[in-house]
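In: Sequence below, structure please.
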Amino acid sequence: MSDPLRAEAWIVATGNAGKLAEMRALLGDLPLALRGLADLPRIGLPPEGDDYAANAVAKARAVALATGVPALGDDSGLEVDALGGRPGVHSARYGGPGRDDAARVALLLHELASVPEAQRSARFVCVVALVTPDGDSRMARGSCEGRILAAPRGAGGFGYDPVFAPEGRDVSLAELPADEKNRLSHRGRAVVALLAKLRAAER
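Out: Next up is the predicted model:
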């Protein structure tokens, strides 16, 4: 793999503005520009399957090969124990097409309506993959244990953040300052692990 840490830019393989903002915060110490797919509207992503790692690599590879620039892909999901691990890798598609974040959160709370607090354990999982234009890739995984709250709380974050309280906290991810959320989150942990792998490869 050519050294992506010496590249002038990476492309984050997402059209999700919230996810791009998080990646920019997490990677802010790197001397490179981060762009999202909103800047490259003609680049499409492959259909998502049933595996976090395969989805992350496929997204990054499609963008890296189309642009000639290192691309960072991620796939993440919310795994709720009382639902047998659902929605999991299908979190962004939970309940079918046409639902926004609020509708997916409402569906989740409806499914958990009869589940007591002690049985609402869950975790966020994220796999990030960096693919260079020559096709090489590196991956890392991160997770954040916690529980599902009875109702949304907080105005920050996106997705399921308002109903997820990290382990040992009495607030949702959406109530935490951005820097604290990034330190605790599945995505933050995955990015830290990926950077460690890339820096180790430089030695």
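In: Distance of Asn16 relative to Arg199?
Out: From Asn16 across to Arg199, the span is 27 Å (Cβ to Cβ, to the nearest Å). C-beta: built from backbone N, CA, C; applies to glycine.
In: So which of those two has more stuff around it?
Out: A count of neighbours by other Cβ atoms under 10 Å puts Asn16 above the other of Asn16 and Arg199, at 17 against 10.
In: can I assume Gly154 is in contact with Ser172?
Out: Yes - Gly154 is within contact range of Ser172, at 4.8 Å (criterion: Cβ atoms under 8 Å).
In: Now the common contact residues for those two.
Out: Common neighbours of Gly154 and Ser172, using Cβ atoms under 8 Å, 6 or more residues apart in numbering, are Asp161, Pro162.
In: Between the two, which is the more surrounded one?
Out: Neighbour tally, Gly154 and Ser172, criterion other Cβ under 10 Å: the higher count belongs to Ser172, 24 against 16.
In: for this structure, which spans come out with low pLDDT?
Out: Scanning the chain for pLDDT under 70 picks out 1-2, 203.
In: so who does Leu34 touch?
Out: Counted by Cβ under 8 Å, 6+ apart, Leu34 has contacts Ala9, Trp10, Ile11, Val12, Leu20, Met23, Arg24, Leu27, Leu72.
In: Filter these down to the ones in helices?
Out: Counting by DSSP state H, the part of the contacts of Leu34 found in helices is Leu20, Met23, Arg24.
In: Buried by neighbour count, from these: which ones?
Out: For the ones in helices among the contacts of Leu34, a burial check counting by 16 or more other Cβ atoms under 10 Å picks out Leu20, Met23.
In: can the ones in helices among the contacts of Leu34 go into TSV with extra columns for distance to Val125?
Out: Compiled in TSV, the ones in helices among the contacts of Leu34 are given as follows (distance: Cβ to Cβ, whole Å):
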residue	distance to Val125
Leu20	20
Met23	17
Arg24	22
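In: quick one: the strands in the chain?
Out: Counting by DSSP state E, the chain has strands at residues 9-12, 33-35, 71-80, 87-88, 121-131, 137-148, 164-166.
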